[in-house]
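# Give the three-dimensional model of this entry:
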Amino acid sequence: MSGDLLAALIEHRARDRMGLKNDFTFQHRLCHDLESLIWVVIYAMMVRRRKLLADTDQNQSELFQVVLNLCWGVHSYTHLWCNHNNMIGAGCSVRYKTVETLWFTEQLEAAFFRAAMRLVRGQAHDGEAITYESLCALLEKYIQLATEAKDFAVTSK
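Sure, this is the predicted structure:
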């Protein structure tokens, strides 16, 4: 779910609880769907990592499940919004190494996560809406890098 939609839902619920006039006037746009797609891809990457760990190291898999629960195991819009903001902050901070050491130990996945979080941050903080073109450029770049890495691994053996 996009950050803008989460924020609107949080505000709507707060106004409702306070008994204030409460028309939900959120204007859904394509950029919100594109951001949501990024979150789905990030979630799928983390679930994939958990599955890979489950196949190789059950203890690490269980520890990584804690990470998944911290990032995604929420029961309210507010918690999800906060978790999204924490993930954006982690992805955009060069000092925050948990991205590479725990979340995405494959270099290319970590780089994709960081680039995706910068794109989401641009929409959330700078008002630069995610466009179809910007999302395609992000995906094409990392698909190409992954293809080149795979080709290099195959030819260098």
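# Show the residue spans covered by the helices in the protein.
3-17, 30-56, 58-72, 77-92, 98, 107-125, 132-155 (DSSP state H).
# want to throw those helices into TSV with mean pLDDT, mean neighbour count and distance to Asp23?
The C-beta positions use only the backbone N, C-alpha and C, and glycine is treated the same way. Converted to TSV, those look like this (pLDDT from 0 to 100; neighbours: other C-beta atoms under 10 Å; distance: least, C-beta to C-beta, whole Å):
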stretch	mean pLDDT	mean neighbour count	distance to Asp23
helix 3-17	85	16	9
helix 30-56	94	16	19
helix 58-72	91	14	30
helix 77-92	92	17	18
helix 98	84	11	41
helix 107-125	91	18	24
helix 132-155	85	12	30
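# Out of these, the one nearest Phe24 is which?
Phe24 lies closest, by C-beta to C-beta, to one member of the helices of the chain: helix 3-17, at 5.1 Å.
# What are the contacting residues of the closest one?
21-22, 24, 26, 28, 32, 35, 77-78, 80-81, 84-85, 120, 123-124 (C-beta atoms under 8 Å, 6 or more residues apart in numbering).
# Same check on stretch 72-82?
Met1, Gly3, Leu6, Ala7, Leu9, Ile10, Arg13, Tyr43, Met46, Asn83.
# show me the contacts for the last one.
Asn83 makes contact with Leu70, Cys71, Trp72, Val74 under the criterion C-beta under 8 Å, 6+ apart.
# which among those residues gets closest to Lys51?
Trp72 (14.7 Å).
# The residue lying closest to Glu35 once chain neighbours are set aside - how many residues pack around it?
In space, and not counting its chain neighbours, Glu35 is closest to Ser2: 4.1 Å by C-beta to C-beta, 6 or more residues apart in numbering. For Ser2, the count of nearby residues is 24 (other C-beta atoms under 10 Å).
# Phi and psi next, for Ser2.
phi -70, psi 150 (degrees, to the nearest 10).
# wait, it sits on Leu37?
No. At 9.6 Å, Ser2 does not count as touching Leu37 under the criterion of C-beta atoms under 8 Å.
# and the residue lying closest to Gly89 once chain neighbours are set aside, what are its phi and psi?
Spatial nearest neighbour of Gly89, chain neighbours left out: Tyr96 (7.3 Å); criterion: C-beta to C-beta, 6+ apart. The phi/psi pair for Tyr96 (degrees, to the nearest 10) reads phi -90, psi 100.
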